[in-house]
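Asker: Let me see the structure of the following:
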Amino acid sequence: MADLVHIVVIDDNERSLELLSAALEQLEVCLHTANDPEDGLRLVRELRPHLVITDLVMPRLNGLQVLEQVMKIDPTIDVILMTAHYTTETAVEAIRRGAADYLEKPVKLPLLRQRVERLLHTAQQRQRALTNDVFGSDGVRFEGLIARSPQMWEVFAKLQRIAPHYRSALISGPTGSGKDLLAQALHRLSGVTGKYVVLNCSAVVETLFESELFGHVRGAFTGADRDKIGLFELAHEGTLFLDEVGDMPLSTQAKLLRAVQNQEISRVGSLEGRRVNVRIIAATHKNLPQAIQERSFREDLYYRLSMVEITMPGLRDRAEDIPLLVWHFIQRFSKEYGKSIEAITPRAMMHLEQHAWPGNVRELEHAIGHACMMTTGDVIDVKDLPARLLHDADSGKMVFSGREIDYPAKTTNLSAKSTSALEMQERELIIRALSEAHGNQSEAARHLGVGRDALRYKMRKHGLG
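Answerer: Here you go, the predicted structure:
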């Protein structure tokens with residue numbers, strides 16, 4: 001990292017401090033040590049370090065209490081907890097409270113250096129995203145995902161924190177937002193050696209759910225002419241991704257809960273228990289707490305799956321990512337269709353930025369695929385976009401991140417006006433909303449129907465802040 005990196009290490013064992021210091025000095029960081037947690041917290045207050053590494057079991061204050069105090073001082077500081085008394089439950093609890101990582105003592109020093117380097121790199125990338133620093137031409141990449149928005153980099157940071165320790169995780173978010181890509185990234189980061197196995201719960205007939213998940217033996221039911229391995233066994237030592245888990249029937253939910261809790265399954269038609277070691281990632285676009293109230297989803301299964309919960313934002317709430325995603329899809333489809341598309345006109349990009357994107361990233365992907373197929377040159381223009389994206393402009397309305405707002409008829413003829421007219425209308429809408437909210441950005445964002453971060457992006461774009 002370009003700036004001087006400060007790391008505070010807290011451990012009441014002097015020998016452990018010496019070993020950790022020797023390992024971390026190789027990283028060219030500014031290291032500060034304390035054998036008393038109170039002294040360590042004083043260093044944190046004075047230095048505001050990039051990273052704190054603390055033992056869990058110490059006199060006066062334990063590691064979880066140190067973590068809690070660090071989060072109060074500065075929640076952006078990453079914290080690694082170490083303990084000789086490692087349990088999955090304690091690790092998950094530490095991650096839930098905000099720990100960036102959790103390591104078992106005696107700590108393997110190469111592993112510690114690897115985890116520290118990764119955390120410092122992610123912190124640097126996250127800070128660049130939060131401060132709108134200089135990005136490459138395609139923005140910032142993380143495990144195959146592309147984003148520059150603070151919302152997404154908070155998601156990425158959470159993935160890194162939970163990946164080594166989680167047993168089950170729930171990803172919620174609107175349809176088409178990329179929950180499956182997030183699940184794949186979590187699987188890769190976890191370091192498990194087994195397969196990544198997928199079940200789309202909305203595509204399975206209710207009577208076949210158990211056979212798909214747990215397998216069956218020959219003769220278990222009509223048509224079962226041979227033994228079949230279920231997805232739990234296929235995912236042994238790996239990850240089972242349950243997409244749209246909210247569509248799973250109640251009768252199967254109870255059996256899934258037992259399998260997740262006990263890590264043991266029985267094939268349909270057999271009483272023999274089979275041990276498995278499977279991490280579970282579930283995803284849904286539904287409101288599961290509401291489904292629990294409606295008695296269509298089990299409360300105990302929800303709490304088991306959501307030991308760690310990740311929320312994937314919709315595309316309208318991460319508007320600053322649209323240009324990056326547009327160019328990524330242009331490059332992909334240009335190659336796929338054997339074309340040499342080099343650019344997109346400002347007018348076409350304006351339409352893409354103004355669209356509400358109810359279908360999120362998937363809808364944007366399809367729109368760019370359509371445009372790449374339709375264009376006859378090397379530049380995508382408005383005429384190449386799907387007709388549904390042009391409807392809002394032609395109807396005399398501006399769609400500002402999902403909310404339709406009337407604008408004067410003199411700007412509706414986009415073919416006769418430059419994009420500056422449309423940009424001016426958007427700028428005026430923002431100014432008006434800020435004025436009505438007396439400068440309160442959160443209130444202005446609510447008035448416009450957008451997230452606060454999306455509003456800030458638009459304000460920067462128009463030179464308003």
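Asker: outside of stretch 202-221, which residues touch it?
Answerer: By Cβ atoms under 8 Å, 6 or more residues apart in numbering, the residues outside stretch 202-221 that reach it are 199, 201, 224-233, 243-244, 247-249, 251-252, 255-256, 259, 265-270. All C-beta spots, glycine's among them, are computed from the backbone N, C-alpha and C.
Asker: What pLDDT is listed against the residue nearest to the spatial centre of the chain?
Answerer: The chain has V155 as the residue nearest its centroid, 3.7 Å off, counting by Cα atoms, centre = their mean. On pLDDT, V155 comes in at 90.
Asker: Buried members of the contacts of stretch 202-221 into ChimeraX, please.
Answerer: To isolate the buried members of the contacts of stretch 202-221 in ChimeraX, using 16 or more other Cβ atoms under 10 Å:
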select :199,201,228,230,231,232,233,243,244,247,248,252,255,256,259,265,266,267,268,269,270
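Asker: Okay, and which of the contacts of stretch 202-221 map to helices?
Answerer: Among those, the residues falling in helices (DSSP state H) are 231-233, 251-252, 255-256, 259.
Asker: re earlier: OK, contacts around the residue nearest to the centre of the chain?
Answerer: V155 touches 182, 310-313, counting by Cβ under 8 Å, 6+ apart.
Asker: Out of these, which end up buried?
Answerer: 182, 310, 312-313.
Asker: ok, of the residues you listed, which one's closest to I162?
Answerer: I310 (8.0 Å; Cβ to Cβ).
Asker: For the closest one, grab phi and psi.
Answerer: phi -120, psi 130 (degrees, to the nearest 10).
Asker: next one: the one 4 residues further on
Answerer: Dihedral angles phi and psi of G314 (degrees, to the nearest 10) take the values phi -70, psi 160.
Asker: Which residue ranges of the stretch 101-250 of the chain form helices?
Answerer: Assigned by DSSP state H, counting those that start in this stretch, the helices in the stretch 101-250 of the chain fall at 109-130, 150-162, 179-190, 209-214, 231-234, 250-262.
Asker: Let's have these in JSON lines, adding distance to R141.
Answerer: What follows is the helices of the stretch 101-250 of the chain, written out as JSON lines (distance: least, Cβ to Cβ, whole Å):
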{"stretch": "helix 109-130", "distance to R141": "9"}
{"stretch": "helix 150-162", "distance to R141": "10"}
{"stretch": "helix 179-190", "distance to R141": "11"}
{"stretch": "helix 209-214", "distance to R141": "34"}
{"stretch": "helix 231-234", "distance to R141": "30"}
{"stretch": "helix 250-262", "distance to R141": "32"}
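Asker: By mean pLDDT, show me the worst of the ones you listed.
Answerer: Looking at these, the bottom one is helix 109-130 with a mean of 73.
Asker: my read: V9 touches H32, true?
Answerer: Yes: with contacts counted by Cβ atoms under 8 Å, V9 reaches H32, the gap being 7.2 Å.
Asker: When the two are compared, which one has more neighbours?
Answerer: Set V9 next to H32 and count neighbours by other Cβ atoms under 10 Å: V9 wins out with 24 against 19.
Asker: Model confidence for the closest residue to F156 other than its chain neighbours, exactly?
Answerer: Spatially, and ignoring its direct neighbours in sequence, F156 is nearest to F142 (4.6 Å; Cβ to Cβ, 6 or more residues apart in numbering). According to the prediction, F142 has pLDDT 78.
Asker: Near F142, how many other residues are there?
Answerer: 20.
Asker: beta partners of it?
Answerer: L145 (DSSP bridges).
Asker: From E272, how far off is it?
Answerer: Relative to E272, F142 is positioned 43 Å away (Cβ to Cβ, to the nearest Å).
Asker: Please apply the same query to H236.
Answerer: Taken as Cβ to Cβ, the span from H236 to E272 is 16 Å.
Asker: same thing with E212?
Answerer: Taking Cβ to Cβ, one finds E212 at 19 Å from E272.
Asker: before we move on, what about H121?
Answerer: Counting by Cβ to Cβ, the gap from H121 to E272 is 47 Å.
Asker: does M312 really touch I171, like I thought?
Answerer: Yes: counting by Cβ under 8 Å, I171 is a contact partner of M312 at 6.0 Å.
Asker: anything in contact with each of these two?
Answerer: Contacts common to M312 and I171, judged by Cβ under 8 Å, 6+ apart, are 179, 182.
Asker: quick one: contacts for F297?
Answerer: Going by Cβ under 8 Å, 6+ apart, F297 touches 246, 250, 253, 286, 288, 291.
Asker: neighbour-wise, which of the residues you listed leads?
Answerer: Within the contacts of F297, L288 tops the neighbour count with 22 neighbours, counted by other Cβ under 10 Å.
Asker: What's the per-residue pLDDT of it here?
Answerer: 97.
Asker: Kindly report the same for T239.
Answerer: Predicted confidence (pLDDT) for T239: 98.
Asker: Contact partners for it?
Answerer: Neighbouring residues of T239 by Cβ under 8 Å, 6+ apart: 183, 186-187, 190, 192, 194-197, 278-281.
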